[in-house]
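[1] Here's a sequence, model it:
(3 chains)
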Amino acid sequence: MSLGAFLALVSLSLLRGLGIPDSPFGPLSFGLPMVLAFFIALSLTALAAIIIDRILYLRLRRTGPIILLIAAVGMAFCLRNIIQFIWGPQPQYYIKAIQIARKIPLLGIRIKPDEIFIIIVVALLVIGLHFFLQKTKMGKAMRAASDNMELARVSGIDTEKVIMWTWAIAAALAAAGGILVGIEDKFITPDMGWQMLLPIFAAVILGGIGNPYGAMAGGMIIGLSGEISTAFISTAYKPAVAFIIMVIMLIIKPRGLFGTR
Amino acid sequence: MDTFIGILNYLVFFAITAGIYAVLCLGLNIQWGYTGLFNIGIAGFFAVGAYTSALLSGPPPGPLDWRTVGGFQLPWVVGLLGAIIASGIIAFFIGLLTLRLKEDYLAIATIGIAEVIRLILKNEGWLSNTVWGIKHIPSPLHQPIEAGVSSFLKGHPQLSPWLVHFISNAYNWFYLALVLVILGLLYWTSERSIRSPWGRVLRTIREDEAVAAVSGKNVFSFKLQSFVLGAMVMGMAGSLYAHYAKFIDASSFEPLYGTFFIWVMLIIGGSGNSKGAVLGAFVIWGIWAGTEFLTGPLALSGTQAGALRVIVVGVLLELTLLLRPQGILGEEKIVSRMLKK
Amino acid sequence: MILEARNIKAGYGEVEILHGISMGVDKAEIISIIGPNGAGKSTLMKTILGLLKPTHGKITFDGHDITGLSPDKIVRRGICYVPQTDNVFPSLTVEENLEMGAFIRKDDFRPRMKEVYGIFPDLKEAKRFRVRKLSGGQRQMVAMARALMLDPQVLLLDEPSASLSPKLVKLIFEKIVEINQSGVGVLMVEQNAREALKLCHRGYVLAMGHKKFEDTGQALLNNEKVGKLYLGG
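    Residues are numbered from 1 along each chain as shown, chains lettered A, B, ... in the order given. As a prediction, this is how the structure comes out:
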């Protein structure tokens, strides 16, 4: 996630360097370079994930899920520190301008134009993911492999290819998340992925592991309850709220709200 | 000669820290190495131990408040016992909730608890004095030893400077001995217990829970015991750390130092093997401390050097997983006495 | 013989289960493998499909050596497999299950899907349902239909009638004959030994990892020893 956000920063500065005009789109605070950087960062992050999978996880796949998890945590620390090594721990800015929220006449709420853009991008990503999982051959194979890896293999499905695609898509989505957070907050830090880790786990458990739609709904619930909680308790405890919801969920319905298996 | 004493004093400091890490590794080894419990919230138990001990035997944490607990200034041993009990109680409740679930849930729950604990320590002034941390935590027998040293030095003004240098470090030598005695006791107990029938059940659970269950063992109860015991050891390490550092704050218990390093140490040393756990702690801490000297010749800034060192440790971990998954020592084939032919 | 195994030894880890078994399937033949639990029937099937590597012996298919190939390569050559349990993708629809069976086909799989629906008309009715919601008998049909999507020359069935009601067992066996009549060789492991021998062309009796008998289905049914030892008198 941080990696994606930072790659976007790199691409952004590269593109600006290439002289692509940075005139902001209409009311938005950024322009064409940001949009191009978004796609470049997504692709590069996906590529990085595939490379890590080929070098590292492929060889550890047989050893069991926990060893894989340890390797992944180790990798996360490495990536985070590579970012820190190059850019330092202090926040990096995409755009320095401050945007003022405007009132939407009919709904009576105040919202920044950038935020509308973020909502649209998220909606597009959700629709895209849905289309991919339901309509494409690879998406269906991904669901099949998640149901039963062994059967997928004996049906002739190239499970290694499926795993590579899964990594690529997961990494690209994480990168997109990181960039969007960066657009909303205006800055990115190497440990932003870590900050989000707990809420993300909580959202996935809430929705039921293995259920992408549950995860989306879980994400909404966790995100909203975190924000609402700041009305009652200190903002510092936002991540704790996610955790508490998750613990309650584990006790009453460990398979998640929409879990089926 | 004076340089030599300087290096020696540094080595004592190094060994104390590595020894405390080794205690943490032994705790994790009980949970992961013996029983296969995936705890990635080590930092949480470490922190609970450190703060409990500091609150019981130290001065009040900060400006007094009606909610303030602690500042009892009790003897160090009480703090140590308190640390062990507090970590154990927290582990008991986490275990109760999660050990019946699949292993990944335990991982998520422990990482979550560790983060929540860190958030509380960072934000609750009455408990932990927030980011300013707890200062002036007394070290056991610090005053008598220092007093003894200074009166000895006063009585012998003609000693050569390097000898003075050496003797001034007496307290650290004492603390090192303390850490090593505790480490030795833990090592001995750990080795004894894994060879007992109890340890055999744990290893059976790690290899195949179903087998343990059909042979009539209450798998859940054994897992809970192992988890709580491991956490108690981690709490003990927290106490040892707090009374040596004399100052603690939430940043000492971040996941990098508090959890990730311990895992790297245990995996590289050889999980399931107490010797491996101790060896891993000293090797990795040695590499970590050793790479600190890279900063100079490579002309890196402080944060860059830090990041580079974490990358080195991370790469070492991945290489170990790929090339020598059993670690430097690997697990010994242990036959408990009941099974010996 | 289109599929032939010669002197196969295989097992799990250091435990050898099969101690040298030879057998074969001819084009469009139904072969039953029967025998008591632990005889090595499923192990033999897994070894043929490449899920287990034999320590000794040779497996050939269509004249080519396929010993030790990975399952997906063997599937590509035209041997498809239906495991005994977990043989469907429960969260996918019936049609998606069939599509997964045709995953490696580069051409249009829809004509083949039509043919498969021809054998299993019930499935066509239920094609939009998630397999999780289907009954045991329907799931078994989905599993077989999935394996047929590649138009295999040999179909391996591991206990297709396990845990089905007698009525459904009869239906599944009818389907197996129908599949066979469409030109597919069938190699099946069965607990319903009598029924399986009745419909098969030839049969093998395994016990303790050895081949005890080999004959036509009818001859095995009439064989007194086989009847006494393996068919319950």
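
[2] what's the neighbour count on the residue in chain C that chain B sits nearest to?
    Going by Cβ to the nearest Cβ, chain B is nearest to residue C:13 of chain C, at 13.6 Å. (Glycine included, C-beta is placed from N, CA and C.) A count of nearby residues for residue C:13, using other Cβ atoms under 10 Å in any protein chain shown, gives 5.

[3] quick check: domain ranges of chain A?
    A:2-189, A:196-261 (automatic domain parsing).

[4] following the helix or strand where residue B:210 lies, which helix or strand comes up?
    For residue B:210, the host element (DSSP states H and E) is helix B:209-214. Elements were assigned by DSSP H and E; along the chain past helix B:209-214, the next helix or strand is helix B:219-245.

[5] Toward the C-terminus, what is the element adjacent to that following helix?
    helix B:255.

[6] Identify the residues contacting the helix holding residue B:210?
    B:201, B:204, B:205, B:219, B:222 (Cβ atoms under 8 Å, 6 or more residues apart in numbering or on different chains).

[7] Over to stretch C:52-64?
    C:2-12, C:16, C:18, C:20-22, C:43, C:46-48, C:65-68, C:74, C:77-79, C:153-154.

[8] Check the residues you listed for burial and list the buried ones.
    C:2-5, C:8-11, C:16, C:18, C:21, C:43, C:46-48, C:66-67, C:74, C:78-79, C:153-154 (16 or more other Cβ atoms under 10 Å in any protein chain shown).

[9] Give me the subset of those residues lying in helices.
    C:43, C:46, C:47, C:48, C:74 (DSSP state H).

[10] circling back to that earlier point, run through the buried ones among the contacts of stretch C:52-64 and flag the ones next to chain A.
    Counting by Cβ under 8 Å from any Cβ of the partner chain, nothing from the buried ones among the contacts of stretch C:52-64 sits close to chain A.

[11] Now do residue 15, the pLDDT please.
    As the question left the chain open, I've gone with chain A. The per-residue pLDDT reported for residue A:15 equals 47.

[12] my bad, chain C
    85.

[13] OK, contacts around it?
    Per Cβ under 8 Å, 6+ apart, neighbours of residue C:15: none.

[14] Distance of it relative to residue C:84?
    In this view, residue C:15 and residue C:84 are 20 Å apart by Cβ to Cβ, to the nearest Å.

[15] Pull the number of nearby residues for residue B:156.
    Residues lying near residue B:156 (other Cβ under 10 Å) number 11.

[16] returning to that earlier point: pLDDT on the helix holding residue B:210, on average?
    80.

[17] One more: stretch B:82-89?
    94.

[18] outside of that stretch, which residues touch it?
    Here stretch B:82-89 has contacts from B:45, B:48-50, B:52-53, B:56, B:228-229, B:231-232, B:234-236, B:238-239, using Cβ under 8 Å, 6+ apart.

[19] With stretch B:137-155 instead?
    Against stretch B:137-155 from outside (Cβ under 8 Å, 6+ apart): B:53-54, B:57-58, B:73, B:75-77, B:159, B:164, B:167-168, B:170-171, B:174-175, B:178, B:242-248.

[20] What strands line up against whichever strand or helix holds residue C:59, and which way round?
    Taking DSSP H and E as the criterion, residue C:59 maps to strand C:56-61. Take DSSP bridges as the rule and strand C:56-61 pairs in its sheet with strand C:3-12 (antiparallel), strand C:64-65 (antiparallel).

[21] how about the helices of chain C, start to end?
    Going by DSSP H, chain C shows helices at C:41-49, C:71-77, C:94-101, C:110-119, C:121-125, C:136-148, C:166-181, C:193-199, C:217-222, C:224-230.

[22] TSV for those helices, including distance to residue A:94?
    Compiled in TSV, those are given as follows (distance: least, Cβ to Cβ, whole Å):
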stretch	distance to residue A:94
helix C:41-49	53
helix C:71-77	45
helix C:94-101	41
helix C:110-119	48
helix C:121-125	53
helix C:136-148	49
helix C:166-181	61
helix C:193-199	69
helix C:217-222	74
helix C:224-230	75
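
[23] Dump those to a markdown table, plus distance to residue A:126 and mean pLDDT.
    Output for those, formatted as a markdown table (distance: least, Cβ to Cβ, whole Å; pLDDT from 0 to 100):
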| stretch | distance to residue A:126 | mean pLDDT |
| --- | --- | --- |
| helix C:41-49 | 39 | 91 |
| helix C:71-77 | 32 | 89 |
| helix C:94-101 | 21 | 94 |
| helix C:110-119 | 30 | 92 |
| helix C:121-125 | 32 | 91 |
| helix C:136-148 | 30 | 92 |
| helix C:166-181 | 41 | 91 |
| helix C:193-199 | 50 | 89 |
| helix C:217-222 | 56 | 90 |
| helix C:224-230 | 58 | 84 |
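
[24] Those helices: which one's closest to residue A:133?
    Among those, helix C:94-101 comes nearest to residue A:133, with 10.8 Å by Cβ to Cβ.
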